[in-house]
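In: A predicted structure for the sequence below; I have some questions about it.
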Amino acid sequence: MTTPHSSTAQSRSHGARGDDCRSDVCIVGNGAIAKTAALGFAQAGHSVTLLVPAARSGGEELQTATSTAERPWDVRVYALNHTAHNLLASLKVWGALDQARVAPVDAMAVNGDGENGGSLGFDAFGAHTGTLAWIVEDSNLNNALDAALKFAHNVNIVSGCACRLTCGPEGAQVELEDGRKLDARLVVGADGRDSWVRGQCDIGVDYRSYHQRAIVTNFACEKPHHGVAHQWFTCADGIVALLPLPGNRVSLVWSAPETLAATLMDESLGELAIRLGEYADEPLGALKPLQPELVKAVPLALVRPHALVAPHVALVGDAAHAVHPLAGHGMNLGFGDVVDLLRVVAEREEHRAIGDERVLARYARARKEDVLLMQLATDGLERLFGANLEPVRVVRNLGLNLLDKLPFVKRRLMAHAIGK
């Protein structure tokens, strides 16, 4: 194993074979969590290699099309909490977002099922904060991160396909299919739910399919949403969420059972809007599909890896945990991973390397409670509201109503959820 060198400025590599690469940290992944981790380590003074998949043909045209002010609204959006906001702000990324396409969430309305469904409301005033969260499009976030990476002098972006990960006494090595080798003291797996890095480390997972798909698309709404995120637990039809976008627009995330999801994907967005009228007519009025009409379906599952770390390796983001989107905090957990990993590395003793076993153990301990609580909460709520039994229905609706009348408990729940 070659020992990686200390932090120095490095050049970009975009697919040419070139020389082997040595750095303090090698991050595998091309999503927002991977890019944020790369910026975080770079700004902390570490040399970073960011390994991304080989560029697909037509990528330049897509970037050009989505860089205009009139670009379509992403169907993939994130409800970013204060942990995410503060991290991105510290990395000078938040200010680079197109703020005209960011919507604050000032309140949240949760509704139970049935004619006598319970209800639960949260608002920024009750949570003692300016806003609960911010709705940000995937492209807006990634464009800002990409722009920041262009000015990160000690980040080397390597395009290629990894085929083997090996570890030695001083660090780890990622070998690419074209023969190049990336040596690092620490490898960070930020490569998603089906993580290649996790598999190379033989880290097992507990996997449970929810037999649901998240149907995501956007609508214009007749009435102002006033920054309120609405969520309906419908039992038989899954969980419907309408999140505020700038202007009179909302983003739909419908966690629908597989059979219903297939039906929804076969229908037009106009027909889907009519279906949503059962829930949205009162608070939002009639819904109208945005142009061009875009919709996606994402399979949902609970993924719990048996470990977050391995020798010289740490997992972050969906590689470390995948949860049900009903609380909208999957991405926030990933940003929390980055915050804690950067912190334990910064606080390590001078004699310990960045990928030292004890340093990584501290990271795993730091994330255990936050991740476990979110997994238990999202999985438990999905099971509770998925039970189509009248006694259960009555109890859960009463529970929502009771919780709504306990301001102290509500504030504690919101403080944890919004990352404050």
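Out: On my side now, so go ahead. Numbering: from 1, shown residues only.
In: Okay, buried residues for the helix or strand that contains residue 213 please.
Out: Assigned by DSSP states H and E, residue 213 falls within strand 205-221. The neighbour-count check on strand 205-221 (16 or more other C-beta atoms under 10 Å) flags 205, 210, 212-221 as buried. In this view, the C-beta of every residue, glycine as well, is placed from N, C-alpha and C.
In: can I get the residues you listed in JSON lines with pLDDT?
Out: What follows is those, written out as JSON lines (pLDDT from 0 to 100):
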{"residue": "205", "pLDDT": "96"}
{"residue": "210", "pLDDT": "89"}
{"residue": "212", "pLDDT": "93"}
{"residue": "213", "pLDDT": "95"}
{"residue": "214", "pLDDT": "94"}
{"residue": "215", "pLDDT": "97"}
{"residue": "216", "pLDDT": "97"}
{"residue": "217", "pLDDT": "97"}
{"residue": "218", "pLDDT": "97"}
{"residue": "219", "pLDDT": "98"}
{"residue": "220", "pLDDT": "97"}
{"residue": "221", "pLDDT": "97"}
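In: farthest-separated two in the residues you listed?
Out: Pairwise distances across these (C-beta to C-beta) peak at 40.1 Å, for the pair 205 and 220.
In: about what we covered before: the strand holding residue 213: what's the following helix or strand?
Out: Later in the chain than strand 205-221, the nearest helix or strand by DSSP H and E is strand 228-233.
In: Which neighbours in the sheet does that next one have, and how are they oriented?
Out: strand 107-111 (parallel), strand 239-245 (antiparallel) (DSSP bridges).
In: Show me where the stretch 251-400 of the chain has its strands.
Out: Here the stretch 251-400 of the chain has its strands, by DSSP state E, counting those that start in this stretch, at 287-289, 295-305, 309-310, 313-315.
In: most packed of the ones you listed?
Out: strand 313-315 (a mean of 28; mean count of other C-beta atoms under 10 Å).
In: what packs against that one?
Out: In this structure, strand 313-315 packs against strand 181-189, helix 196-200, helix 357-386, with contacts taken as 3 or more C-beta pairs under 8 Å, 6 or more residues apart in numbering; DSSP states H and E.
In: looking at the ones you listed, which is buried most?
Out: strand 181-189 (a mean of 26).
In: roughly how far is that one from the heart of the chain?
Out: 23 Å (C-alpha atoms, centre = their mean, to the nearest Å).
In: And that strand, what does it pack against?
Out: strand 21-28, strand 48-52, strand 172-176, helix 196-200, strand 313-315.
In: So for residue 75, which of the ones you listed sits nearest?
Out: Residue 75 lies closest to strand 48-52 among these, at 22.5 Å (C-beta to C-beta).
In: I'd say residue 301 and residue 321 touch.
Out: No. Residue 301 is beyond contact range of residue 321, at 11.4 Å (criterion: C-beta atoms under 8 Å).
In: I figured residue 36 hits residue 336, correct?
Out: No. Using C-beta under 8 Å, residue 36 makes no contact with residue 336, being 11.2 Å away.
In: Most tightly packed of the strands paired with strand 228-233?
Out: Most buried among the strands paired with strand 228-233, counting by mean count of other C-beta under 10 Å: strand 239-245, with a mean of 24.
In: neighbouring contacts of that strand?
Out: Contacting residues not belonging to strand 239-245 are listed as 73, 77, 79, 101, 103-105, 135, 218-219, 221, 225-234, 250-255, 276, 279-280, 284, 326, 328, 382, 385 [C-beta atoms under 8 Å, 6 or more residues apart in numbering].
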